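> only geometry, no sequence info:
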């Protein structure tokens with residue numbers, strides 16, 4: 001939000017708004033129209049219930065139908081989930097007025113969460129998990145480095161105003177770290193849509209249990225360091 005340097009009167013489209021918390025923060029920062037969109041009906045319903053008076057729509061990012069309606073498109077921690085990131089990128093560009101801004105942040109690069117990824121490599125090798133995990137396919141869209149992301153946005157017409165790929169590290173209890181994993185990366189690693197076999201409740205429970213055990217094994221005095229490679233991008237139309 002700071003990188004967007006909002007003047008306070010912009011119209012803003014929040015793509016992948018989830019339960020609407022950041023949509024609310026954006027609405028507090030501007031007098032302009034603010035709209036939140038998400039593919040999840042449950043998330044949109046929660047946002048509408050929590051923030052009456054704000055506008056929310058259930059629509060995939062790839063299917064956004066706005067043309068020149070917003071000064072800012074804001075997209076936080078969702079690009080990696082898009083099934084067609086290129087179509088979403090084009091929809092962002094169409095939605096903006098000339099001189100508009102795209103502000104985007106997301107976990108990035110194939111090793112987007114090195115600590116979690118390393119834990120999953122160990123967990124997926126356990127004999128009770130490996131046969132089913134062999135049927136897993138990554139759901140995430142990632143590019144290899146900062147230059148690739150810059151080219152990705154510029155080839156559709158954005159002029160890069162800011163781009164950075166940060167390695168962010170934070171310290172947490174095992175309980176906190178497991179919560180971060182469960183509400184984020186776990187949705188990809190054990191999401192039924194990302195396997196070509198049916199997942200049993202036994203497999204899901206075993207995966208979660210093994211992940212928690214591996215986190216506990218790596219903790220030092222109950223604390224672990226969780227890291228992410230995170231992209232920050234501001235593009236101009």
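On my side now, so go ahead. Here the structure is a predicted model, which means the values were calculated and not measured.
> wait, residue 101 sits on residue 73?
Yes: assessed by CB atoms under 8 Å, residue 101 is found in contact with residue 73 at 7.5 Å. C-beta here means a position set from N, CA and C on the backbone, and glycine is covered the same way.
> I'd like the next helix or strand past the helix of greatest length in the chain.
Under DSSP state H, the helix in the chain containing the largest number of residues is helix 201-218. Counting by DSSP states H and E, the next helix or strand C-terminal to helix 201-218 is strand 223-236.
> Please point out which parts of that next one sit buried.
Of the residues in strand 223-236, 224, 226, 227, 228, 229, 230, 231, 232, 233, 234, 235 count as buried by neighbour count, 16 or more other CB atoms under 10 Å.
> Same check on stretch 32-40?
32, 34, 35, 36, 37, 38, 39.
> Most widely separated two among those?
By the measure CB to CB, 32 and 39 form the most distant pair in those, at 24.2 Å.
> correct me, but residue 67 touches residue 96?
No: using CB under 8 Å, residue 67 is not in contact with residue 96; the gap is 9.4 Å.
> Determine which member of the two has the greater number of neighbouring residues.
Shown here are residue 67 and residue 96; by other CB atoms under 10 Å, residue 96 has more neighbours (25 against 10).
> Distance of the residue lying closest to the more buried one once chain neighbours are set aside relative to residue 78?
Counting by CB to CB, 6 or more residues apart in numbering, residue 237 is the residue found nearest to residue 96 once chain neighbours are left out, at 4.7 Å. For residue 237, the distance to residue 78 equals 20 Å [CB to CB, to the nearest Å].
> follow-up on the earlier one: show me what the longest helix of the chain is packed up against.
Identification of packing neighbours for helix 201-218 by 3 or more CB pairs under 8 Å, 6 or more residues apart in numbering; DSSP states H and E yields helix 114-123, helix 174-183, helix 185-189.
> Try it again at 7 Å.
Under the contact criterion of 3 or more CB pairs under 7 Å, 6 or more residues apart in numbering; DSSP states H and E, helix 201-218 touches helix 114-123, helix 174-183.
> could I get those as CSV with distance to residue 56 and mean neighbour count?
Output for the helices and strands packed on helix 201-218, formatted as CSV (distance: least, CB to CB, whole Å; neighbours: other CB atoms under 10 Å):
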stretch, distance to residue 56, mean neighbour count
helix 114-123, 30, 18
helix 174-183, 20, 16
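> Can you tell me which of those helices is nearest to residue 5?
For these, proximity to residue 5 was assessed by CB to CB; helix 174-183 is nearest, at 29.2 Å.
> ok and the strand or helix carrying residue 171 relative to helix 174-183, angle-wise?
Per DSSP H and E: residue 171 is located in strand 159-173. Per axes from the mean of the first three to the mean of the last three CA atoms, to 10 degrees, the angle that strand 159-173 makes with helix 174-183 is 140 degrees.
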